[in-house]
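>>> the following block contains a protein sequence and its predicted model.
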Amino acid sequence: MTEDNQNSSRLFLISCIALTVTAMTFAIRAGILGQLGVQFQLNSEELGWVNSMAFLGFPLAMMFGGGLYNALGAKNLLIIAFLGHLLGLVLTITAGGFWGLFISSLFIGFANGSVEAACNPLISESYPAKKTAMLNRFHVWFPGGIVIGSLISKFMTDAGLGWQMQIGVMLLPTLVYGVMTFSQQFPKFENVQLSTASNFKALFSPLFLFMAFCMTLTATSELATGQWINTILGASGASPMIILAMITGLMAVGRYFAGPIVHRLNPAGVLLCSAILTTLGLYLLSTSTGGLVYVAAIVFALGVTYFWPTMIGFIAENVPQSGALGMSIIGGAGMFAVSMWNPVIGQWIDEAKAKALLKVTEGVNPELVAGQEVLSTMIVFPAILIVAFSLLYVYMKKKKAE
């Protein structure tokens, strides 16, 4: 292995550990949401606002990091991510109520976005001949980290360990990637497309704007469902955290072997198939109970597996003039949408529970009725994507034939 390849491998490892921390913040927060609500007497809408700060901090960091990537470089952005994770986790552990959780979630969200803003272009530049495949392999560690985080949360909760200890677990991998970042040498890439002015100009191309709109729906379909899974599926007769671990485990495997699939179907075809399976998966989750929930979760997992990395890879390959800024903005658009939808979904849950309690018949669980109603409402997000990605598939096929 050459020195350049060894350096690329070490940078890839640092990126994967940082993304694992990012994913663990989503999983463990989803696992402790109920505990936070009980301890601080917060309803689902208030918890939605706390969650939304993590998703709002993410696009803020991506816009900041994407715009300044050419000036700061990946190393400085990863250092910002490390400091944000450290501060956000400590503030969460010491939070005394709604506002403490609100502010700490914003710091964690900003750190998460800084990881993506640094690592997506870093990997794209390190592996120019296989951008989408390597971005999918990098994003293995988002579902991989969620598997780790959800299992840690479940086992610690079952063992009676408090939510503060669950948050504290994340400090160890945070310190690992922080130390590695400070000690590692990062290369400077020479690329004519790295003019920030040309990056901004490319953001206003019709194709980029269309994909940014689609990203708001793909991210909401995947991440909003995962963030509320404990609340939505708590009464389904299946273990929500096991379901989350199973979904994300399948996603990790799928992303690791993404190369041949992307090559065979092309990114637009992958996105269309993903939208169809996600719609079917959400429908099945909204109508299933007991063991069938696990089957529905498998279909949903197959749907959302390729959404995030393939959207970013599509921009890297088809709108290359947008550079690091384009990859950051496309991801930021997705997370911003999730931040906006989180309190709305929380309100849907509160309203559905209230309505179910009024209409519920004897022997029917109002929590189950409410959860299924919310899932059926969320089907609209991937359903719109079926139409959008059908149009994209036809457009890209026609463009390739020209």
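In hand now; what should we look at? Please read these numbers as outputs of a predicted model, since none were measured by experiment.
>>> apart from its chain neighbours, what residue comes closest to Ala27?
In this structure, Ala27 finds its nearest non-sequential neighbour in Gly149, 3.0 Å apart by C-beta to C-beta, 6 or more residues apart in numbering. C-beta: built from backbone N, CA, C; applies to glycine.
>>> packing partners for the one helix or strand Gly332 maps to?
Using DSSP states H and E, the element containing Gly332 is helix 323-359. In terms of contacts (3 or more C-beta pairs under 8 Å, 6 or more residues apart in numbering; DSSP states H and E), helix 323-359 is packed against helix 44-93, helix 98-126, helix 196-202, helix 206-219, helix 307-318, helix 366-378.
>>> now do the buried residues in that helix.
Neighbour-count burial for helix 323-359, with 16 or more other C-beta atoms under 10 Å as criterion, is recorded at 323-339, 341-343, 345-346, 348-350, 352-353, 356.
>>> what do you get for stretch 247-259?
Of all the residues in stretch 247-259, those buried under the rule 16+ other C-beta under 10 Å are Ile247, Thr248, Gly249, Leu250, Met251, Ala252, Gly254, Arg255, Ala258.
>>> you'd agree the second one is up against Gly144?
Yes: look at Thr248 against Gly144 with C-beta atoms under 8 Å: they come within range, at 7.2 Å.
>>> overlap in contacts, those two.
With contacts defined as C-beta atoms under 8 Å, 6 or more residues apart in numbering, the residues shared by Thr248 and Gly144 are Ala23.
>>> just the CA trace of the strand or helix carrying Gly303, in PDB.
In this structure, Gly303 sits in helix 292-304 according to DSSP H and E. Written as PDB, here are the backbone C-alpha positions of helix 292-304 (Å, rounded to 0.1, in the frame of the first residue of the first chain):
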ATOM      1  CA  LEU A 292     -45.400  -8.900  11.600                       C
ATOM      2  CA  VAL A 293     -43.900  -5.500  12.600                       C
ATOM      3  CA  TYR A 294     -40.400  -7.100  12.200                       C
ATOM      4  CA  VAL A 295     -41.300  -8.100   8.600                       C
ATOM      5  CA  ALA A 296     -42.600  -4.600   7.900                       C
ATOM      6  CA  ALA A 297     -39.500  -3.100   9.300                       C
ATOM      7  CA  ILE A 298     -37.300  -5.200   6.900                       C
ATOM      8  CA  VAL A 299     -39.200  -3.800   3.900                       C
ATOM      9  CA  PHE A 300     -38.800  -0.300   5.300                       C
ATOM     10  CA  ALA A 301     -35.100  -0.800   5.900                       C
ATOM     11  CA  LEU A 302     -34.600  -2.000   2.300                       C
ATOM     12  CA  GLY A 303     -36.300   1.200   1.200                       C
ATOM     13  CA  VAL A 304     -34.400   3.800   3.200                       C
END
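>>> rewinding a little: could you point out which element follows the host helix or strand of the residue nearest to Ala27?
Counting by DSSP H and E, the secondary-structure element that holds Gly149 is helix 141-158. Secondary structure here is assigned by DSSP H and E; on that basis, the next helix or strand after helix 141-158 toward the C-terminus is helix 163-168.
>>> off-centre distance for that following helix?
How far helix 163-168 lies from its chain's middle: 21 Å, per C-alpha atoms, centre = their mean, to the nearest Å.
>>> contacting residues around it?
Under the contact criterion C-beta under 8 Å, 6+ apart, helix 163-168 has outside partners 28, 31-32, 35-36, 39, 89, 92-93, 152-153, 156-157.
>>> mind listing what's buried in that helix?
Neighbour-count burial for helix 163-168 flags Trp163, Gln166, Ile167 (criterion: 16+ other C-beta under 10 Å).
>>> list the contacts for the spatially closest residue to Ala219 that is not a sequence neighbour?
Leaving aside its sequence neighbours, Ala219 sits nearest to Gly334 (C-beta to C-beta, 6+ apart; 2.9 Å). Contacts were defined as C-beta under 8 Å, 6+ apart; by that measure Gly334 touches Pro59, Met215, Thr216, Thr218, Ala219, Thr220, Leu223, Trp308, Met311.
>>> which of those residues lies closest to Cys119?
For Cys119, the nearest member of these is Trp308. The distance, counting by C-beta to C-beta, is 12.9 Å.
>>> what is the burial count for that closest one?
25 (other C-beta atoms under 10 Å).
>>> just use 325 as the starting number from now, easier for me
OK, 325 is where the count begins now, so the last one is Trp632.
>>> list the buried residues of the helix or strand hosting Ser714.
Following DSSP H and E, the helix or strand that holds Ser714 is helix 704-725. Residues of helix 704-725 classed as buried by neighbour count (16+ other C-beta under 10 Å): Phe705, Pro706, Ala707, Ile708, Leu709, Ala712, Phe713, Leu716, Tyr717, Met720.
>>> so the first one sits right up against Thr544, yeah?
Yes: using C-beta under 8 Å, Phe705 makes contact with Thr544 at a distance of 5.1 Å.
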